[in-house]
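Colleague: Build the 3D model from these lines:
(chains A and B)
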Amino acid sequence: MIAYLMNLATIVAIFGILAATLNFIIGFAGIFSVAHAVFFGLGAYAGAQVALLLVPDALLACLVGAAIAGGLSLCLALPALRVRGEYFVAASLGLQMMAATLFAEVKPLTGGIGGLVGIPRPTLLGVQIGVLPVAVAALALILFLTARLQRGAFGRTLQSIRDAESAAEALGKNVAAAKTLAVAFACAGAGIAGALFALHLSFVNVESFTMDQSVLVMAMVIIGGTGTLWGPIIGAVILLSLPAGLAFLPFIPATEVGAVQQIIYGLAMTLLMIFRPAGLVGDLSKGRSTA
Amino acid sequence: MLLLQLLLQGLQTGALYALTAAGFALIFGATRIFHFAHGTAFTLAGYVFLFGFTGGLPWWAAALCGIAVATLFGIAMERLVYRPIQRHEGSFFTVFVAAFGVAVVVQNLIGMLAGRGFASVDTELSRASEVLPEVFLAPVFWIAIGVAVALFAALSAFLTRHPAGVALRALAQNPDLIRTYGLSSNRLSVLAFALGSALAAPAAILTAMTSGLNEAIGHHAMLISIAATIVGGVGSLRGAALAGLMLGVAESLALAVVDTQWAEGVSFFVLFAFIIFRPSGIFGVVQTR
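Modeller: Residues are numbered from 1 along each chain as shown, chains lettered A, B, ... in the order given. A predicted model of the protein is given here:
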């Protein structure tokens, strides 16, 4: 039971990082990415390769994962600079589909459909450790940074871009730089989550980095409440305990738990948008500010 | 000969893409709603046809059921999801998430009810025969082309001659003026959703007869529609249809060079290139977004 809860806590922390970083670009910068699983995947493959080829050092894996995901985040920043709204969502959907094909096909780097297996247990400075403390520390760091950035000049710039891009530009804010930086920060965070995910499961394949995963993370952010600090974490906890809770219901066959979970969060997304667009944590009166 | 075979194959796929994309473009043009659940109408129509046909209905009855379900789904989305959201100033993202939620629910319900993986309808029509040396064509090719041409002719006649069609085009240009003229913009947007969703149904039915359906095919249909609408130029029905046709041909011709799993990537590559270099599309007027 303890092992089960530890596992759940680790997964929650990892997806908490994903949801928090996605929330950063959706809620604060107004960049509605549906490709977050791509950067999660990049981090995971990078972390896994570091552990397999060099040393299974958790810190190193996270740094490499963050660097690669953050560097390639230009693929997402580029369309974000050109278009907004529906167009950007379409571009990120396209990026997500292309990346899933790439992950499945570039066999030397990703192992193809079979994935990378036998990733060694992580160490930190030569001592073997579990992933949980690292993941919790990373989550705390990301939340702290998000809170700092949100209140600082950079966060204010982003929010002004979200609400009125031309006005921000007229006030002399460098819109392109701010957007690129925000995307790089969020994607690097997703890369860290990916590296931790690879070390935790000691196995990664393309199944974990498909559009379904991107939508799951997006659902966490939206159900919890976009633009809030704790909303995404609460969303992650709710959506990840859902399968565990459903497994106790005897009338749902075990093979259908995944489908039932998706149906529940799909319904939750639609109903929330109709009746409470600001999410569970979000302030209703501020619902319009996420526009 | 391989190229000719691929070209014909591409034309068949492209004709179906064009129909789906035209439905999406019609809805978006008239109502300015980015209907992310358009692929769901496609999936529903395909599966209803599949179940009806394998359940023993004659083909035309099964097809009519498919079209009816798609149309009803479109109307239900407009009335039950988009209308309430727009009443409290729904931002585009609110609309997107709500529609996406519906798509996820329907996809999983179909997966639970119909089983996961590919399902297709096998008829005489989908058996290929050699028409030229080394070129194989199934009768369904002519049906796909014929249906697409006939529906486009009917649609453009409707949009230019029939009062309701003219009103739909007017709604796209100026919703306020429509109300001033005493027409109901609500009724017109229901009409747009009904027509647009119905257009996806024949494509879904023909897809069920050719390459087969799976529960996730809605995503593909939706992405192709979006890609075609953006590449063609938003607001241009003709552009969307032409771009859909081109994407189908491009995906098919690409097979001469790359393996099948990359074919879909070609469409998204084209979409990505257009978004970065020419967001207004081929026929679109330059917009600042």
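Colleague: surely residue A:30 meets residue A:168?
Modeller: No. If you go by C-beta atoms under 8 Å, residue A:30 and residue A:168 don't touch, sitting 10.9 Å apart. The way it works is simple: take the backbone N, C-alpha and C, and place the C-beta from them, glycine included.
Colleague: ok, those two, which is more surrounded?
Modeller: Neighbour totals were compared for residue A:30 and residue A:168, and residue A:30 leads with 26 against 20 (other C-beta atoms under 10 Å in any protein chain shown).
Colleague: now that one: how far from residue A:276?
Modeller: 20 Å (C-beta to C-beta, to the nearest Å).
Colleague: Overlap of the contact sets of residue A:30 and residue A:168?
Modeller: Here residue A:30 and residue A:168 share the contacting residues residue A:161, scored by C-beta atoms under 8 Å, 6 or more residues apart in numbering or on different chains.
Colleague: Looks to me like residue B:136 is in a strand.
Modeller: Yes. Assessed by DSSP: H, G, I helix; E, B strand; the rest coil, residue B:136 belongs to a strand.
Colleague: mind checking pLDDT for it?
Modeller: Here the pLDDT value assigned to residue B:136 is 74.
Colleague: buried stuff in the top helix by length along chain B?
Modeller: Ranked by residue count under DSSP state H, the longest helix found in chain B is helix B:2-31. Under the neighbour-count criterion of 16 or more other C-beta atoms under 10 Å in any protein chain shown, helix B:2-31 has B:5-31 buried.
Colleague: what do you get for stretch A:152-169?
Modeller: A:154-155, A:157-162, A:165, A:168.
Colleague: got it, and stretch A:122-135?
Modeller: Within stretch A:122-135, the residues that count as buried by 16+ other C-beta under 10 Å are A:122-123, A:131-132, A:134-135.
Colleague: So what touches that stretch?
Modeller: With contacts defined as C-beta under 8 Å, 6+ apart, stretch A:122-135 is touched by A:6, A:9-10, A:13-14, A:17, A:51, A:55-59, A:61-62, A:121, A:196, A:199-200.
Colleague: Which members of those residues are classed as buried?
Modeller: Applying 16+ other C-beta under 10 Å to the contacts of stretch A:122-135 flags A:9-10, A:13-14, A:17, A:51, A:56-58, A:61-62, A:196, A:199-200 as buried.
Colleague: Given the worst-scoring helix or strand of chain A on mean pLDDT, what are its sheet partners and their directions?
Modeller: Lowest by mean pLDDT, DSSP states H and E among the helices and strands of chain A is strand A:127-128, with a mean of 74. For strand A:127-128, the pairing partners within the sheet under DSSP bridges are strand A:123-124 (antiparallel).
Colleague: From the chain's centroid, how far away is the partner strand?
Modeller: 24 Å (C-alpha atoms, centre = their mean, to the nearest Å).
Colleague: tell me the mean pLDDT for it?
Modeller: If you average the pLDDT over strand A:123-124, you get 76.
Colleague: returning to what we had before: which ones among the buried ones among the contacts of stretch A:122-135 lie within helices?
Modeller: Per DSSP H, the buried ones among the contacts of stretch A:122-135 map to helices at A:9-10, A:13-14, A:17, A:51, A:58, A:61-62, A:196, A:199-200.
Colleague: Now render these as CSV, adding distance to chain B and pLDDT.
Modeller: Output for those, formatted as CSV (distance: C-beta to the nearest C-beta, whole Å; pLDDT from 0 to 100):
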residue, distance to chain B, pLDDT
A:9, 26, 89
A:10, 26, 90
A:13, 25, 92
A:14, 22, 92
A:17, 21, 92
A:51, 28, 87
A:58, 34, 81
A:61, 29, 87
A:62, 29, 88
A:196, 26, 90
A:199, 29, 88
A:200, 26, 89
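Colleague: what about the helices in the chain?
Modeller: As the question left the chain open, I've gone with chain A. Taking DSSP H as the test, the helices found in chain A are A:2-23, A:36-53, A:58-72, A:74-82, A:85-105, A:107-110, A:131-151, A:153-163, A:165-170, A:175-201, A:211-224, A:231-247, A:257-275.
Colleague: Not quite, go with chain B.
Modeller: In chain B, the segments counted as helices under DSSP H are B:2-31, B:38-54, B:59-76, B:83-87, B:92-114, B:139-161, B:163-173, B:175-180, B:185-209, B:217-232, B:237-254, B:263-277.
Colleague: helices or strands up against the fifth one?
Modeller: Secondary-structure packing of helix B:92-114 (3 or more C-beta pairs under 8 Å, 6 or more residues apart in numbering or on different chains; DSSP states H and E): helix A:85-105, helix A:211-224, helix A:257-275, helix B:38-54, helix B:83-87, helix B:217-232.
Colleague: Using CSV, list the CA coordinates for it.
Modeller: The C-alpha coordinates for helix B:92-114 follow below in CSV (Å, rounded to 0.1, in the frame of the first residue of the first chain):
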residue,chain,number,x,y,z
PHE,B,92,-12.4,31.1,-28.1
PHE,B,93,-10.6,28.9,-25.7
THR,B,94,-13.7,28.2,-23.7
VAL,B,95,-15.4,27.1,-26.9
PHE,B,96,-12.4,25.0,-27.9
VAL,B,97,-12.2,23.1,-24.6
ALA,B,98,-16.0,22.5,-24.4
ALA,B,99,-16.0,21.1,-28.0
PHE,B,100,-12.9,19.0,-27.3
GLY,B,101,-14.5,17.6,-24.2
VAL,B,102,-17.4,16.4,-26.3
ALA,B,103,-15.0,14.9,-28.8
VAL,B,104,-13.2,13.0,-26.1
VAL,B,105,-16.5,11.6,-24.6
VAL,B,106,-17.8,10.5,-28.0
GLN,B,107,-14.5,8.9,-29.0
ASN,B,108,-14.4,6.8,-25.8
LEU,B,109,-18.1,5.9,-25.9
ILE,B,110,-17.6,4.6,-29.5
GLY,B,111,-14.4,2.8,-28.4
MET,B,112,-16.4,1.0,-25.6
LEU,B,113,-19.5,0.2,-27.7
ALA,B,114,-17.9,-0.6,-31.1
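Colleague: That helix to helix B:38-54, inter-axis angle?
Modeller: 20 degrees (axes from the mean of the first three to the mean of the last three C-alpha atoms, to 10 degrees).
Colleague: and helix B:92-114, average pLDDT?
Modeller: 86.
Colleague: Please apply the same query to the longest one.
Modeller: Model confidence over helix B:2-31, given as mean pLDDT, is 87.
Colleague: which ones are touching the closest residue to chain B within the stretch 1-150 of chain A?
Modeller: Closest residue of the stretch 1-150 of chain A to chain B, C-beta to the nearest C-beta: residue A:94 (3.7 Å). Residues in contact with residue A:94 (C-beta under 8 Å, 6+ apart) are B:223, B:227, B:268-269, B:271-272, B:275.
Colleague: please redo it, this time with the cut-off set to 7 Å
Modeller: Residue A:94 makes contacts with B:268, B:271-272, as judged by C-beta atoms under 7 Å, 6 or more residues apart in numbering or on different chains.
Colleague: May I see those organised as TSV, with neighbour count, distance to residue A:234 and pLDDT added?
Modeller: Shown next, in TSV, are the contacts of residue A:94 (neighbours: other C-beta atoms under 10 Å in any protein chain shown; distance: C-beta to C-beta, whole Å; pLDDT from 0 to 100):
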residue	neighbour count	distance to residue A:234	pLDDT
B:268	23	33	80
B:271	29	35	81
B:272	21	34	79
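Colleague: Model confidence at residue 42, what's the number?
Modeller: In the absence of a named chain, this looks at chain A. Residue A:42 is given a pLDDT of 92.
Colleague: should've been chain B
Modeller: 92.
Colleague: Check the gap between it and chain A for me.
Modeller: Plainly put, residue B:42 is 16 Å away from chain A if you go by C-beta to the nearest C-beta, to the nearest Å.
Colleague: Residue B:200 is in contact with that residue, correct?
Modeller: Yes. Under the criterion of C-beta atoms under 7 Å, residue B:42 makes contact with residue B:200 at 4.4 Å.
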